[in-house]
Structures are given as structure tokens and as C-alpha cells.
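**Q** Quick one, structure for this:
(chains A and B)
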Amino acid sequence: NAGVTQTPKFQVLKTGQSMTLQCAQDMNHEYMSWYRQDPGMGLRLIHYSVGAGITDQGEVPNGYNVSRSTTEDFPLRLLSAAPSQTSVYFCASSYSASDRTYEQYFGPGTRLTVT
Amino acid sequence: GNSVTQMEGPVTLSEEAFLTINCTYTATGYPSLFWYVQYPGEGLQLLLKATKADDKGSNKGFEATYRKETTSFHLEKGSVQVSDSAVYFCALKHSTLGRLYFGRGTQLTVWP
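**A** Residues are numbered from 1 along each chain as shown, chains lettered A, B, ... in the order given. Prediction:
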């Protein structure tokens, strides 16, 4: 059981480049989400999914796209990278979207720098 | 709306000192409450949780009690160790949409 995996661990992009951050979980979790972590800001929700084929925006969705074609995978796409997207990105998953008692499991993070 | 406020850090303690990190929340309905810990260079790990009023979550010597009357979920440990040095996040989960609302995190450093 690998849990939540993320690739790459580190990435440097130039302004305007695009890339995809990968996230996968092997726990058959219904709910998956992406957060970004910035100093002094805690974690902010970018996008989330309550099941395959269903995605929605969080509080900071601009500049990012997601899709959920399978239960296991939830990639995050940066369309045209900007320095403001320099951050640490965490993917998380949870067994249930609607049951508030289930905790979320986090991946190890991707540290992204945009120059 | 839903929000979490936790005490500003950083917190610096000597080994074996008593730890309290304050956390208060605003929420509609009846959320679940969580403490997550982030060790340097790692992702977040669940430390403990409580799902209803007066529940006490505990793990690795840490405790927190869900107080509905004061809308609080303060984290405590009686005797901290150097290995407890990390960032601690308080969070709430509302039943709607499954998302977590996080506090800003509190950096704890424990000196030998």
C-alpha cells in the first residue's frame, strides 16, 4: 500500500511553460484534492474531486486545471506558469467526500519554482 | 463560513516542557476537528482527530478535546521531545464537499 504518491518531488519552470503534477492513490478513495502551501498562509485548496469524472474549484483555482478520469489518478496542470505559482503542492485523498469523520491522507509534496 | 484560527508561532520550548497550541474555529453545523503535523521536508500526517463535542483525540502523548461551548480544539502535550519539532496545523472538516479548512500552522522547536 503506497498511499498517496506525487511526482515530481522538485521542479523548476520558466515563466510561460506548462507542466503536469502527478498524483495517485491506491486506497480506492473517493475524494481527492490539491492544495498549495505558502509561508504563513497554511494550505489553500486549489481543486477537488468527489469521484471519477467529477471535479470542482477550490479557493485558488486560477491558472490550474484538473481532471479525474480514474479513481486512482488526479493530475494538476499548470497552463502557463507564473512566478506567483512558486509553492509547495500537496495532493490529498479521503475515503469519503460526504462523511466528515474521515481524515485526509497527504502525499509528500512537489516543490515548484517558477523563474 | 468555516475558518480556523491557531496561535501564531514560532513556539520554542526546552525538552520536557509543557506544550499548548491554541486553536479556535468557526463553523456551521457540526464539523470534525483534526491536528496534522508536518516534519521538515515532508507532507502532512494526521496526529489526532475528534468527531463530536467532548471527544478527546490522543496520539503519541498529544491530546486535544473538542469543546463546542468555546469552539476550541487546543493541542497539548505534557512533556515535549526534540523529535516533536515540526509545524502543527489545526483543521476542520465540514460534511459539505469534504474539504478541509486549515489554520496557518504553528512552528514548534524543541531544544535539548
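
**Q** At the contact with chain A, which residues of chain B appear?
**A** Applying Cβ under 8 Å from any Cβ of the partner chain, we find that chain B lies next to chain A at B:30-32, B:34, B:36, B:42-46, B:49, B:51, B:89, B:93-95, B:97-100, B:102-105. To be clear about C-beta, it is placed using only N, CA and C from the backbone, and glycine gets the same treatment.

**Q** Return the subset of these lying in strands.
**A** Among the residues of chain B next to chain A, the members falling in strands (DSSP state E) are B:Ser32, B:Phe34, B:Tyr36, B:Leu44, B:Gln45, B:Leu46, B:Lys49, B:Phe89, B:Lys93, B:Leu100, B:Phe102.

**Q** Can you tell me which of these is nearest B:Gly9?
**A** Taking Cβ to Cβ as the measure, B:Gly9 sits nearest to B:Phe89 out of these, at 11.2 Å.

**Q** beta partners of the closest one?
**A** Beta-bridge pairing of B:Phe89, defined through DSSP bridges, involves B:Tyr36.

**Q** List the contacts of it.
**A** Contact analysis of B:Phe89 by Cβ atoms under 8 Å, 6 or more residues apart in numbering or on different chains lists A:Gly42, A:Leu43, B:Gln6, B:Trp35, B:Tyr36, B:Val37, B:Gln38, B:Leu44, B:Phe102, B:Gly103, B:Gly105, B:Thr106.

**Q** what do you get for B:Val87?
**A** B:Gly9, B:Val37, B:Gln38, B:Gly105, B:Thr106, B:Gln107, B:Leu108.

**Q** count of residues packed around B:Gly29?
**A** Neighbourhood size, B:Gly29 [other Cβ atoms under 10 Å in any protein chain shown]: 9.

**Q** typo on my end, A:Ile54
**A** Around A:Ile54 sit 11 other residues, with neighbours defined as other Cβ under 10 Å.

**Q** Also B:Pro112?
**A** By other Cβ under 10 Å, 7 other residues sit near B:Pro112.
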